[in-house]
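Student: take a look and give me a structure for this.
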Amino acid sequence: MTKNIDINSIARPNVVKLMPYRNTREDYPGELFLDANESSFGPANLVSNSNPPIPASQELDPLQTNRYPDPYCIKVKERFIAKHDCGLSIDNIFIGSGSDEAIDNLTRVFCKPGVDKCLICPPTFEMYEMACEINDIEVLKIDLKTSNRPFQLQIDKVIQTLENDPLIKIVWLIAPGNPTGVALNQKDLLAILESSYKGIVAIDEAYIDFVGDGYQSMAKYVSKYNNLVLIQTMSKSFGLAGARVGFAISSPEVIKLMNSVKTPFNISVLAQNAAFEALSPESIKSMRRIVSEINHTRDEILVPALEKMPNVKAVLGSGATNFILVQFCSSDGTVSNDFTKKLYEILATEFNVLLRNRAHLPGCYGSLRISIGTRDEMYRILEALEKAFEKLNKE
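Tutor: All right, here's what the predicted structure looks like:
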């Protein structure tokens with residue numbers, strides 16, 4: 001089935017009317033660039049001390065960082081769609097400063113402050129709710145299941161809520177989940193897309209490269225459902241968190257609106273170059289090897305060792321990401337957020353090991369999230385945990 005809704009009818013009217021910023025170089029190639037008030041001399045630290053100063057050479061500044069970057073990151077988009085190999089074009093791709101920009105951008109494009117709503121399914125990535133709060137958007141919540149099929153959607157309730165409330169402009173989902181590590185059932189995701197809901201179905205695929213067992217990105221469905229938006233990032237499997245490069249994959253109608261709202265030059269020359277190199281065929285092969293190592297370290301080293309520790313109640317969720325969610329307990333087997341908080345603080349203050357406390361989230365009682373690093377780092381956290389448990393169990 002192919003589903004097309006009128007995207008402009010659900011977007012904010014002022015955004016639909018917005019004329020995006022356009023620079024002269026989008027219309028003419030040019031050779032002498034005197035249109036953007038840039039410095040023709042190049043980075044000041046690379047300019048000669050002569051009088052008059054001599055501009056920095058191409059050899060010293062090969063990326064021409066004195067010039068504004070490509071506002072639409074065309075070369076990066078071309079490599080990104082080659083990675084997916086499912087008929088996407090550059091008109092299907094938005095690039096932002098990390099996935100956070102894509103999340104905020106979507107919220108501003110489709111949600112009227114003080115009027116519209118979004119739906120989230122906790123426990124989930126906190127940026128969805130934060131973007132809504134910043135933009136004065138009401139957030140509705142339907143928790144994930146915590147029994148039978150842990151951390152899956154209450155799909156009937158989700159669809160019923162979406163179909164009965166036209167003010168819900170975006171449903172935010174994440175597959176695989178954060179902090180759960182669980183890959184949502186794609187049949188449920190397709191059921192939402194097939195429903196009569198006429199809003200944006202945003203699925204965050206930040207951890208998609210870590211999933212095995214044939215679970216793949218839903219990019220192939222973008223051409224069938226024009227209200228589907230996928231969000232991906234270079235921060236996880238590609239190891240470029242510091243570069244801040246994220247993607248939204250959607251229909252040309254949605255991407256056009258997102259490009260209208262973004263700042264003119266939102267991805268720096270340096271970040272574009274880092275992403276372009278990371279998306280080369282050779283680099284993608286390297287990424288796959290690293291993902292394989294991370295998954296092996298998680299499943300064959302960290303999880304088995306944790307499951308033998310008396311103060312580990314359970315490893316929650318499943319192995320579909322570069323982290324795990326672990327529920328801890330006191331020596332008598334009691335799970336409490338108080339014990340977990342003490343463990344969290346001891347690891348940070350006495351062993352300089354930083355984890356993420358997720359104990360306050362639904363279904364995550366008494367739990368910490370542990371990122372999967374190198375084998376040496378995992379041996380270090382296991383040793384720190386043993387020493388911290390020894391101290392806590394004496395109290």
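Student: okay, helices next: where are they in the stretch 1-150 of the chain?
Tutor: 7-10, 13-17, 74-84, 98-110, 127-134 (DSSP state H, counting those that start in this stretch).
Student: hey, which of those is tucked in deepest?
Tutor: helix 98-110 (a mean of 24; mean count of other Cβ atoms under 10 Å). No exception for glycine: its C-beta is placed from N, CA and C like everyone else's.
Student: other residues contacting it?
Tutor: For helix 98-110, contacts defined as Cβ atoms under 8 Å, 6 or more residues apart in numbering pick out 10-12, 15, 94, 96, 116, 118, 127-128, 131-132, 134-135, 137, 169-170, 172, 199-200, 202, 204, 206, 229, 231-233, 235, 244-248, 254, 257-258, 261-262, 266.
Student: as TSV, the helices of the stretch 1-150 of the chain with distance to Ala191 and mean pLDDT would be great.
Tutor: Below are these laid out as TSV (distance: least, Cβ to Cβ, whole Å; pLDDT from 0 to 100):
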stretch	distance to Ala191	mean pLDDT
helix 7-10	20	97
helix 13-17	29	97
helix 74-84	23	96
helix 98-110	21	98
helix 127-134	20	98
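Student: which ones among the contacts of helix 98-110 are found in strands?
Tutor: In this view, the contacts of helix 98-110 that belong to strands under DSSP state E are 94, 96, 118, 169-170, 172, 200, 202, 204, 229, 231-233, 246-248.
Student: so how far is stretch 215-231 from its chain's centroid?
Tutor: With Cα atoms, centre = their mean, to the nearest Å as the basis, stretch 215-231 stands 15 Å off its chain's centre.
Student: buried ones in it?
Tutor: 215, 217-219, 221-222, 224-231 (16 or more other Cβ atoms under 10 Å).
Student: so which bits of stretch 136-144 are buried?
Tutor: Buried residues in stretch 136-144, counted by 16+ other Cβ under 10 Å: 137, 139-140, 142-144.
Student: could you list which of the residues you listed belong to strands?
Tutor: The strands, defined by DSSP E, take in 139-140 from these.
Student: dump the buried residues of stretch 136-144 to a markdown table, plus distance to Glu31.
Tutor: Shown next, in a markdown table, are the buried residues of stretch 136-144 (distance: Cβ to Cβ, whole Å):
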| residue | distance to Glu31 |
| --- | --- |
| Ile137 | 46 |
| Val139 | 51 |
| Leu140 | 54 |
| Ile142 | 57 |
| Asp143 | 59 |
| Leu144 | 57 |
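Student: can you say which of the contacts of helix 98-110 are buried?
Tutor: 10-12, 15, 94, 96, 116, 118, 127-128, 131-132, 135, 137, 169-170, 172, 199-200, 202, 204, 206, 229, 231-233, 235, 244-248, 254, 257-258, 261-262, 266.
Student: what's the burial count for Gly30?
Tutor: 10 (other Cβ atoms under 10 Å).
Student: likewise for Phe125?
Tutor: Phe125: 21 neighbours (other Cβ under 10 Å).
Student: mind pulling up the pLDDT for it?
Tutor: Looking at Phe125, its pLDDT reads 97.
Student: in terms of secondary structure, what does the host helix or strand of Ala191 contact?
Tutor: Assessed by DSSP states H and E, Ala191 sits inside helix 186-194. Applying 3 or more Cβ pairs under 8 Å, 6 or more residues apart in numbering; DSSP states H and E, we find helix 186-194 packed against helix 155-164, strand 168-174, strand 200-204.
Student: what angle do the shortest one and strand 168-174 make?
Tutor: Going by axes from the mean of the first three to the mean of the last three Cα atoms, to 10 degrees, strand 200-204 is angled at 20 degrees with respect to strand 168-174.
Student: strand 200-204 pairs with which strands, and in what direction?
Tutor: Neighbouring strands of strand 200-204 in its sheet, by DSSP bridges, are strand 168-174 (parallel), strand 228-233 (parallel).
Student: ok, which of those comes nearest Ser371?
Tutor: Closest approach to Ser371 among the strands paired with strand 200-204 (Cβ to Cβ): strand 228-233, 14.7 Å.
Student: can you lay out the strands paired with strand 200-204 as JSON lines showing distance to Arg289 and mean pLDDT?
Tutor: Shown next, in JSON lines, are those (distance: least, Cβ to Cβ, whole Å; pLDDT from 0 to 100):
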{"stretch": "strand 168-174", "distance to Arg289": "25", "mean pLDDT": "98"}
{"stretch": "strand 228-233", "distance to Arg289": "19", "mean pLDDT": "98"}
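Student: now those strands as TSV including distance to Leu354?
Tutor: Listed next are those as TSV, based on distance: least, Cβ to Cβ, whole Å:
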stretch	distance to Leu354
strand 168-174	22
strand 228-233	21
